[in-house]
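Peer 1: I would like the atomic coordinates for the input below:
(one chain, ligands or ions: 1)
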Amino acid sequence: ALPVPDKQVASVCPYCGVGCQLTYNVKDDKILFVEGRDGPANHGRLCVKGRYGFDYAHHPQRLTKPLIRRADAPKVPHATLDPDRMMEVFREATWEEALALAAGKLKDIRDTSGPKSLVGFGSAKGSNEEAYLFQKLVRTGFGSNNVDHCTRLCHASSVAALLEGIGSGAVSNPVMDVTKAEVIVIIGANPTVNHPVAATWMKNAAKNGAKLIVMDPRQSDLTRLAHRHLQFKPDTDVAMLNAMMHVIVHEGLADRAFIESRTMGFEELKKNLVGYSPDEMAPVCGIAAETLREVARLYATSKGSMILWGMGVSQHVHGTDNARCLIALSLLTGQIGRPGTGLHPLRGQNNVQGASDAGLIPMMLPDYQKVVEPAVRARFEKAWKLQPGTLDAQPGLTVVEVMHAIGDGKVKGMYIMGENPAMSDPDANHAREMLAQLDHLVVQDIFLTETACLADVVLPASAFPEKTGTFTNTDRLVQMGRQAVNPPGDAKQDLWIIQEIARRMGLDWNYKHVSEAFDEMRKTMPSIAGITWDRLEREHAVTYPCTEEGDPGQSVVFVEDFPRDSGRARFVPADIIPAAERPDAEFPMVLITGRQLEHWHTGSMTRRATVLDAIEPDPVALVHPLDLAELGVKPGELLTIESRRGKVSLYGRADESSPRGAVFVPFCYYEAAINRVTNDSLDPVAKIPELKYCAIRITAG
Ligand code: SF4
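Peer 2: Predicted structure coming up:
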């Protein structure tokens with residue numbers, strides 16, 4: 001029998017963007033077990049991470065005291081950054097000493113080298129209120145827009161294309177709308193692994209008769225239920241999608257009434273499609289022309305077709321172009337603005353939507369209000385009680401740009417809250433060298449992460465179940481996460497730490513409760529103006545846009561118009577751009593990185609969760625069995641993956657889901673950090689790195 005809890009706390013899952021609601025069952029300030037709640041996104045369901053991935057919060061490696069780097073301890077960027085061994089390079093400090101050093105040095109750098117020499121990385125693991133206050137600190141305390149977070153590595157290209165094409169970077173329809181769709185297109189995503197509960201709704205829909213079209217170079221669990229699996233060659237999304245649009249235009253399947261009344265730029269798109277006939281594109285993308293025709297007809301003529309996509313679409317140098325094609329496909333056929341249609345970029349982290357909404361990005365203030373627009377800056381200066389002209393008018397640096405700016409001597413100090421760029425950044429060897437080069441690095445986290453190992457000051461923060469705040473899921477659902485247990489030792493709530501740094505940087509802040517930060521957000525963000533703290537306490541979840549109190553919130557948007565000045569959506573044509581680094585004789589294979597079901601991002605939490613770590617304890621590379629045989633490597637034996645930037649050793653796993661010549665590696669293993677191998681070439685529009693494609697070679701051993 002399960003032990004009897006003395007407390008039950010309603011909250012949400014700390015992992016993926018599905019946003020499953022759960023109950024923490026607590027006894028003696030420890031979480032005993034977790035159960036699913038009947039939330040709008042999960043209806044009681046949880047995946048293995050949500051159900052078993054909670055005891056990281058009680059792990060013995062939790063940081064319980066502020067740490068200051070010993071004066072004689074060098075920063076060694078290429079060491080295997082093992083937290084137990086790395087503790088030796090720090091000494092414990094009081095909060096007063098650590099905060100004074102952390103903020104004092106940041107202030108010195110700002111005053112001597114200028115506001116743009118400082119950068120803040122927030123986190124999509126944090127709450128909306130933490131994201132909001134963090135970006136406000138950087139903009140008003142550091143003095144520039146140099147603030148970003150892991151959305152840059154995730155859906156930055158999707159958001160750029162959506163803002164450009166339809167005026168909103170969020171999803172048009174919730175995941176649950178798959179139950180109303182006749183055709184469901186899933187492209188560049190593996191929901192069974194990355195959005196597991198959402199995948200169950202997709203599987204149910206397919207079993208109930210919806211036609212599932214999976215487009216992916218890799219096979220996944222969903223391909224078993226798919227009506228068609230278009231296993232296109234990696235890097236050829238634009239060729240395949242343009243060919244489908246070519247069919248739709250040339251067979252008269254476009255929705256002329258929708259195009260004429262609600263869009264602009266169709267003639268340009270049509271002209272661009274001329275060179276993309278299915279017969280010409282079939283050898284490029286590896287999908288037969290007749291299959292391209294069949295799928296295009298199916299998508300265009302169904303009563304409701306919905307597209308969901310993941311990082312297979314977004315993490316390319318042509319990520320924005322990939323998303324532009326998906327948007328054009330939906331506009332061309334009028335498959336948007338109704339239940340069971342629309343566009344859904346599946347958001348990764350549980351609050352990547354909310355952190356972006358709250359302004360944790362360098363080009364936009366909260367609610368995607370552009371920093372370059374004087375009226376926007378004036379509005380925020382008034383709301384934040386700043387002198388006119390205080391806010392920086394220039395967009396700040398993005399994640400990968402920051403690493404290069406450190407090398408150029410332009411960035412000298414950083415404050416990183418909850419991110420782990422030493423593991424998550426592409427070309428991580430370079431990123432680590434740059435982090436080690438900083439004059440001053442402050443890291444706020446719950447473990448001594450690989451990034452924290454390179455810090456000057458480490459501030460022990462609160463884990464997800466140790467704080468209250470709001471989180472916005474992939475469906476635009478703002479949900480209440482509630483504190484269930486206390487932080488260990490002297491660890492503090494993140495909101496308290498941000499505020500203490502802000503005060504020491506000269507800001508007069510006095511937020512007594514997280515709800516005060518949320519109330520301020522409502523006043524500056526029209527999309528959530530109607531959501532009150534009391535309502536969230538009562539209802540647990542409210543969908544935005546919700547512009548006034550009593551508004552039920554809109555789960556399906558763009559019903560009548562698009563939030564652009566003209567009210568019309570815009571077609572943006574795209575042409576084929578090859579990956580930045582193609583295979584060659586020296587590096588003949590392709591590397592694709594991603595996640596595993598049991599582990600989350602850089603592994604700092606899930607690898608310290610007992611059950612999850614027991615299921616997947618070791619670093620693995622998923623290689624086609626014929627490729628393994630050719631290498632002379634038996635499944636389970638060590639192999640080395642190497643690119644022009646770095647190499648790692650890990651265990652080979654025979655896996656037929658990857659095509660021959662392509663290798664899949666999860667990025668959560670610090671002892672085989674695959675981002676040491678990846679390429680940091682950027683999409684020119686969204687500045688997202690090409691984490692889904694680079695050239696490698698594999699050797700045995
Ligand atoms: Fe958590 Fe996502 Fe799993 Fe739901 S599907 S339990 S939100 S990891």
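Peer 1: for Arg338, which non-adjacent residue is spatially closest?
Peer 2: The shortest distance from Arg338 to any non-neighbouring residue, by C-beta to C-beta, 6 or more residues apart in numbering, is to Gly304 (6.5 Å). Quick note: C-beta positions are derived from backbone N, CA and C, even for glycine.
Peer 1: report the contact partners of that neighbour.
Peer 2: 180-183, 335, 338-341 (C-beta atoms under 8 Å, 6 or more residues apart in numbering).
Peer 1: hmm, Glu520 and Tyr132 touching each other?
Peer 2: Yes: counting by C-beta atoms under 8 Å, Glu520 is a contact partner of Tyr132 at 7.5 Å.
Peer 1: who's more crowded, the two?
Peer 2: Tyr132 (27 against 18; other C-beta atoms under 10 Å).
Peer 1: how about that one, nearest residue that isn't a chain neighbour?
Peer 2: Leaving aside its chain neighbours, Tyr132 sits nearest to Ala358 (4.2 Å; criterion: C-beta to C-beta, 6+ apart).
Peer 1: any idea how far Ala569 is from the one you found?
Peer 2: From Ala358 across to Ala569, the span is 25 Å (C-beta to C-beta, to the nearest Å).
Peer 1: Arg338 too?
Peer 2: 14 Å.
Peer 1: who has more neighbours, those two?
Peer 2: Neighbour comparison, Arg338 and Ala569: the larger count goes to Ala569, with 28 against 19 (by other C-beta under 10 Å).
Peer 1: correct me, but that one touches Ile259?
Peer 2: No: Ala569 lies out of contact with Ile259 (C-beta under 8 Å); the separation is 9.7 Å.
Peer 1: and for those two, which residues touch both?
Peer 2: In contact with both Ala569 and Ile259: Leu331, using C-beta under 8 Å, 6+ apart.
Peer 1: where does the protein come near the ligand, residue by residue?
Peer 2: By the rule C-beta under 6 Å from any ligand atom, the part of the chain lying against the ligand is 13, 15-16, 18-20, 42, 46-47, 49-50, 195-197.
Peer 1: ok, the residues you listed vs His540, which is closest?
Peer 2: The closest of the residues of the chain next to the ligand to His540 turns out to be Gly19 (C-beta to C-beta; 10.7 Å).
Peer 1: tell me the SS of the closest one?
Peer 2: In three-state terms, and counting by DSSP: H, G, I helix; E, B strand; the rest coil, Gly19 is coil.
Peer 1: then Leu308?
Peer 2: Assignment for Leu308 (three-state DSSP): strand.
Peer 1: Three-state assignment for the residue nearest to it when sequence neighbours are not counted, please.
Peer 2: Closest residue in space to Leu308, ignoring its immediate chain neighbours: His344 at 4.4 Å, by C-beta to C-beta, 6+ apart. Look at His344: counting by three-state DSSP, its state is strand.
Peer 1: count the residues that sit near His344.
Peer 2: Using other C-beta under 10 Å, His344 has 25 other residues around it.
Peer 1: my guess is it contacts Ser305, does it?
Peer 2: No: contact criterion C-beta under 8 Å: His344 and Ser305 do not qualify, at 11.9 Å.
Peer 1: need the distance between the two termini of stretch 216-223.
Peer 2: End-to-end distance for stretch 216-223: 9 Å, by C-alpha to C-alpha, to the nearest Å.
Peer 1: understood, closing this out.
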